[in-house]
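Enquirer: return atomic coordinates for the entry below.
(chains A and B)
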Amino acid sequence: DAMVIQNPRYQVTQFGKPVTLSCSQTLNHNVMYWYQQKSSQAPKLLFHYYDKDFNNEADTPDNFQSRRPNTSFCFLDIRSPGLGDAAMYLCATSRGRTSGYTFGSGTRLTVV
Amino acid sequence: AQKVTQAQTEISVVEKEDVTLDCVYETRDTTYYLFWYKQPPSGELVFLIRRNSFDEQNEISGRYSWNFQKSTSSFNFTITASQVVDSAVYFCALMTPGANSKLTFGKGITLSVRP
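Expert: Purely as a prediction, here's the structure:
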């Protein structure tokens, strides 16, 4: 089945140690998004790629970076995770900017 | 600026009851899209419906129905004869087209359906 896959499902990292979360899609969608969702809050957009064009949200901390080496894969890099970065990270894709999004199952990040 | 308000935070009902989840949105754009997503305990956001601003026709899909009223900027979601499996967090979201198009979510409503 075509889908959005996020690995790992759960990630534990040490305070200040770089961590990378991955997302892959078999839908061949043009747009890929990374959302951060803290406990009991709405998902918050960090950035997105339209094809190779990177679009960063104005309030996304510099600590968060992203890479999209090809259509299928997108990575979220957190350079120096802090305790406040513990959250669920959701990857999503869409065919176009106004199409419905397909979300992955998310990666729950714990910072110790 | 765009905004989505889900005033209800938690709703608890007994199985087979009908329940309506409210959503009010704000936007200055005349073209926009409204969405509802379901987030079960597993965490994945499941797409339920997408509605564009030019289509005010209400929609029914099985036990789910949506009422879109531009006059009150509302896009309410009703579950008829609720079931335990409907227990989840439900998000209403708004999107406007353009280069900076993105999905803006409300804070979500936690629905608990008790047997």
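Enquirer: for chain A, which spans come out with low pLDDT?
Expert: For chain A, applying pLDDT under 70 flags the ranges A:1-2.
Enquirer: would you mind naming what in it lies close to chain B?
Expert: Proximity of chain A to chain B, by Cβ under 8 Å from any Cβ of the partner chain, involves residues A:33, A:40-43, A:45, A:48, A:55, A:57, A:88, A:90, A:92, A:97-98, A:100-106, A:108. Where you see a C-beta, it was placed from the backbone N, CA and C, and this is true even at glycine.
Enquirer: pull out the buried members of the residues you listed.
Expert: A:33, A:42-43, A:45, A:48, A:55, A:88, A:90, A:92, A:97-98, A:100-106, A:108 (16 or more other Cβ atoms under 10 Å in any protein chain shown).
Enquirer: narrow the residues you listed to those in strands?
Expert: Judged by DSSP state E, these include A:Y33, A:L45, A:H48, A:N55, A:M88, A:L90, A:A92, A:T102, A:F103, A:R108 as members of strands.
Enquirer: the helix or strand of chain B with the lowest mean pLDDT vs chain A: in contact?
Expert: Every helix and strand of chain B was ranked by mean pLDDT, DSSP states H and E. The lowest is strand B:59-61, at a mean of 87. No - judged by Cβ under 8 Å from any Cβ, strand B:59-61 stays clear of chain A, getting no closer than 14.0 Å.
Enquirer: for the helix or strand just after that strand, give the mean pLDDT please.
Expert: Downstream of strand B:59-61, the first helix or strand assigned by DSSP states H and E is strand B:64-69. Throughout strand B:64-69, pLDDT has a mean value of 95.
Enquirer: could you dump the very next helix or strand once past strand B:64-69 to CSV, C-alpha only?
Expert: Where DSSP H and E defines the elements, the next helix or strand beyond strand B:64-69 is strand B:74-79. Taking Å, rounded to 0.1, in the frame of the first residue of the first chain, the C-alpha atoms of strand B:74-79 are listed here in CSV:
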residue,chain,number,x,y,z
SER,B,74,-18.3,27.2,11.0
PHE,B,75,-17.5,23.6,9.9
ASN,B,76,-19.1,21.3,12.4
PHE,B,77,-18.7,17.6,12.5
THR,B,78,-21.4,15.2,13.8
ILE,B,79,-20.9,11.5,14.6
